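>>> based on what follows, work out the 3D shape:
(one chain, ligands or ions: 2)
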Amino acid sequence: MSRNILITGGAGFIGSHVVRLFVTKYPDYRIVNLDKLTYAGNLANLKDIENAPNYHFEKCDICDYDAVRAIFRKYDIDGVIHLAAESHVDRSIKDPFTFARTNVMGTLTLLQSAREYWNGAWDGKLFYHISTDEVYGALELTHPEGIKPPFSTTASSMEHHLAYGTDFFYETTKYNPHSPYSASKASSDHFVRAYHDTYGMPTLVTNCSNNYGPYQFPEKLIPLFINNIRHRKPLPVYGRGENVRDWLYVEDHARAIDVIFHHGKVAETYNIGGFNEWKNIDLIRVVIRTVDRLLGRKEGEDMNLITYVTDRPGHDMRYAIDSSKLQRELGWEPSLQFEEGIEKTVRWYLDNQAWMDNITSGEYEKYYEEMYRNR
Ligand code: NAD
Ligand code: TYD
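Ligands and ions are numbered 1, 2, ... in the order given. This next block holds a predicted model:
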């Protein structure tokens with residue numbers, strides 16, 4: 001079977017892990033990374049595989065219909081794994097138009113390009129769309145101290161396992177997005193399903209919880225805080241730090257994408273998560289202790305960097321995803337306990353300071369400062 005796979009957003013955080021996995025695991029596939037290289041796209045994320053014979057890079061905007069169609073033709077694309085997106089909630093609050101353009105119109109442009117190129121010959125084709133659990137809205141924090149297992153989980157390897165409420169997001173949960181980011185992702189998910197239902201295109205959607213790990217842009221909580229702790233800069237905790245997120249190590253997400261791309265059922269939705277809920281403030285304390293220890297500082301001495309700031313508008317209280325369908329039907333489960341994953345992650349950022357400095361020394365820093373001034 002020849003596979004010519006278009007991976008969009010491959011120069012970003014999750015995309016780079018997916019590209020690396022596919023390029024190394026499937027030498028017979030042709031992997032085409034289509035990325036516009038926005039502020040979040042960084043080819044340094046793929047240095048180790050950039051010369052692989054089965055890897056190709058195309059700098060392209062997913063909204064550029066002619067250019068996208070030309071790439072389908074050039075590489076005879078038969079599978080799409082679509083990750084390109086504007087991905088940061090705070091930016092979506094400041095600039096919702098860019099999110100609608102890329103996440104909605106860009107996804108539609110890709111769908112239409114695939115439809116035109118495949119022209120009804122659906123056999124062996126797949127359009128796989130990567131989405132977020134944020135489309136489901138927010139869950140309540142009914143158990144602020146957390147509930148010990150057993151609750152709805154089969155992830156036997158997870159130890160933390162605290163649930164901060166009795167509800168979870170299931171594949172059947174109604175969409176109820178709140179931020180411009182999640183509204184744009186929800187809209188794109190609907191378009192993908194509409195292309196299946198209307199035209200018969202083989203599509204798949206997965207909704208994943210918060211990822212963490214190497215190569216994440218330092219506007220997101222974990223890499224931002226690791227870097228700030230290192231430089232003893234304040235750690236801006238939104239609101240009271242009570243919000244809850246489920247965290248998944250990025251390589252586990254990439255493995256799930258591999259399994260689903262090859263074995264998932266067309267037109268299905270799969271939730272992907274870590275069964276690993278953390279209150280922001282508890283997670284931040286773990287990160288501080290880990291950075292301190294790995295830098296040879298007294299463990300916990302940087303707790304005083306915690307700075308409570310004005311809450312994010314519309315800040316969703318709790319995300320908690322049930323990924324037992326994926327575990328049951330396709331046998332995937334998270335491989336890392338959070339303590340292990342966070343240790344690997346902190347170590348990676350400390351060992352790759354040049355990667356971080358390249359980002360934080362540039363325009364990005366100015367943007368970020370301005371964002372905080374305007375809060
Ligand atoms: P990211 O911001 O790190 O990377 C996004 C990539 O898309 C960048 O390389 C960027 O250059 C590219 N891109 C942006 N606009 C583009 C355009 N118009 N044309 C072509 N390329 C463009 O994002 P991420 O965190 O890696 O997220 C990847 C996908 O996974 C997104 O669709 C996101 O919604 C989804 N997701 C992310 C998380 C998470 O925790 N990060 C969780 C669940 C789902
Ligand atoms: P983030 O990494 O932006 O992911 P998302 O908003 O998609 O969940 O934020 C994770 C959580 O951390 C979220 O509840 C917001 C909070 N947060 C802070 O408290 N301070 C920060 O500086 C950032 C970036 C996030």
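>>> and K185, helix, strand or coil?
Classification of K185 by DSSP: H, G, I helix; E, B strand; the rest coil places it in helix.
>>> for it, what are its contacts?
A85, N103, S131, T132, E134, V135, P177 (C-beta atoms under 8 Å, 6 or more residues apart in numbering). (Glycine included, C-beta is placed from N, CA and C.)
>>> for it, report the pLDDT, please.
What the model reports for K185 is a pLDDT of 98.
>>> before we move on, back to that, a markdown table for the contacts of K185, including distance to L336, pLDDT and secondary structure?
Listed next are the contacts of K185 as a markdown table, based on distance: C-beta to C-beta, whole Å; pLDDT from 0 to 100; DSSP: H, G, I helix; E, B strand; the rest coil:
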| residue | distance to L336 | pLDDT | secondary structure |
| --- | --- | --- | --- |
| A85 | 25 | 98 | coil |
| N103 | 29 | 98 | helix |
| S131 | 22 | 98 | strand |
| T132 | 20 | 98 | strand |
| E134 | 22 | 98 | helix |
| V135 | 25 | 98 | helix |
| P177 | 29 | 98 | coil |
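>>> and the two most separated of these?
A85 and P177 (13.8 Å; C-beta to C-beta).
>>> re the thing from before, which of the contacts of K185 come close to ligand 1?
Counting by C-beta under 6 Å from any ligand atom, A85, T132 from the contacts of K185 sit close to ligand 1.
>>> before we move on, back to that, show me which of A85 and P177 is the more surrounded one.
The neighbour comparison of A85 against P177 (other C-beta atoms under 10 Å) goes to A85, with 28 against 20.
>>> number of residues surrounding the nearest residue to that one once chain neighbours are set aside?
Spatial nearest neighbour of A85, excluding adjacent residues (C-beta to C-beta, 6 or more residues apart in numbering): N103 at 5.0 Å. Number of residues near N103 (other C-beta under 10 Å) recorded here: 28.
>>> and for the one 4 residues further on?
Taking other C-beta under 10 Å as the neighbour definition, T107 ends up with a count of 28.
>>> tell me which element it falls in.
Assigned by DSSP states H and E, T107 falls within helix 107-118.
>>> then P236?
Following DSSP H and E, one finds P236 within strand 235-238.
>>> touching ligand 2 at all, that strand?
Yes - judged by C-beta under 6 Å from any ligand atom, strand 235-238 and ligand 2 are in contact via P236, V237, Y238.
>>> which ones are touching P218?
L224, N227, M356, I359, T360.
>>> for the last one, give me its contacts.
By C-beta under 8 Å, 6+ apart, the contact set of T360 is P218, N227.
>>> now with 6 Å?
Residues near T360 by C-beta atoms under 6 Å, 6 or more residues apart in numbering: none.
>>> roughly how far apart are it and R347?
Plainly put, T360 is 19 Å away from R347 if you go by C-beta to C-beta, to the nearest Å.
>>> just the second one next, same as before
From N227 across to R347, the span is 14 Å (C-beta to C-beta).
>>> in stretch 68-79, what counts as buried?
Neighbour counts over stretch 68-79 (16 or more other C-beta atoms under 10 Å) mark V68, R69, I71, F72, Y75, I77, D78, G79 as buried.
>>> now, which of those residues lie within helices?
Using DSSP state H, the members of the buried residues of stretch 68-79 that fall in helices are V68, R69, I71, F72, Y75.
>>> quick one: the first one and S113 touch, right?
Yes - using C-beta atoms under 6 Å, V68 makes contact with S113 at a distance of 4.5 Å.
>>> and the helices in the chain, which stretches?
Assigned by DSSP H, the helices in the chain fall at 13-25, 65-75, 89-94, 96-99, 107-118, 180-199, 221-230, 250-263, 280-294, 324-330, 338-351, 353-360, 363-373.
>>> turn those helices into CSV, including distance to E145.
Formatted as CSV, the helices of the chain follow (distance: least, C-beta to C-beta, whole Å):
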stretch, distance to E145
helix 13-25, 32
helix 65-75, 49
helix 89-94, 26
helix 96-99, 35
helix 107-118, 40
helix 180-199, 27
helix 221-230, 22
helix 250-263, 27
helix 280-294, 11
helix 324-330, 24
helix 338-351, 18
helix 353-360, 35
helix 363-373, 32
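>>> mean pLDDT lowest for which of these?
helix 363-373 (a mean of 52).
>>> distance of the residue of the stretch 251-375 of the chain at minimum distance from ligand 1 from P313?
Residue of the stretch 251-375 of the chain nearest ligand 1, by C-beta to the nearest ligand atom: H253 (7.4 Å). Distance of H253 to P313, computed by C-beta to C-beta: 28 Å.
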